[in-house]
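>>> Fold the following for me, if possible:
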Amino acid sequence: MGGERASTIHMREAGKICAVCGVTLPPPHVPGERRCIGCGGKRRVYMTFFLRGAWHCQFLEEDCQTSLPRKLNFSDPRKIIALIEHAGAFGNLESRQAIDLAIDKGRGGIWLELTGEQYQKFKSR
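Numbers count the residues shown, from 1 in each chain. Alright, predicted model coming up:
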């Protein structure tokens, strides 16, 4: 939910740095987003959540258009935070504070980095 420097975006889109962790990739630099060896098994999923009686969580593929079939409902917002922590999305204090603010507002979203196993759970109902 934070900003990304323009130079980082250009390097990521040029295939010079990993699209997930930002580590420098070895040549040849093929245009387009690529992932390093360590992030190769990870999948990016965008999670949106909103409060309407209970907390509803929906998940989108990396293209932000394709919805994943798994939808979750929670009565306690701490379960949303636990889910985000389990996916390892809290990389810094800023992202944690942004999620806390989004929960206070009653809606928000965050990118999750899922392992292959976690991703398959979201792909199934």
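>>> show me where this structure has strands.
Secondary structure of the chain (DSSP state E): strands located at 43-52, 54-60, 72-74, 107-114.
>>> Neighbouring strands of the longest one in the sheet, and parallel or not?
Paired strands of strand 43-52, with direction, are strand 54-60 (antiparallel), strand 107-114 (antiparallel) (DSSP bridges).
>>> Keeping just the C-alphas, turn it into CSV.
C-alpha atoms of strand 43-52 as CSV (Å, rounded to 0.1, in the frame of the first residue of the first chain):
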residue,chain,number,x,y,z
ARG,A,43,2.4,-16.5,-6.3
ARG,A,44,1.1,-12.9,-5.8
VAL,A,45,-2.6,-12.7,-4.8
TYR,A,46,-4.4,-9.5,-4.0
MET,A,47,-6.7,-9.8,-0.9
THR,A,48,-9.6,-7.4,-0.4
PHE,A,49,-11.5,-7.3,2.8
PHE,A,50,-14.5,-5.3,4.0
LEU,A,51,-16.9,-5.2,7.0
ARG,A,52,-20.5,-6.0,6.3
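>>> Please point out which parts of it sit buried.
Residues of strand 43-52 classed as buried by neighbour count (16 or more other Cβ atoms under 10 Å): 43, 44, 45, 46, 47, 49. Yep, even glycine has a C-beta here, placed from its N, CA and C like the rest.
>>> Next: the last one.
For strand 107-114, burial by neighbour count (16+ other Cβ under 10 Å) applies to 108, 109, 110, 111, 112, 113, 114.
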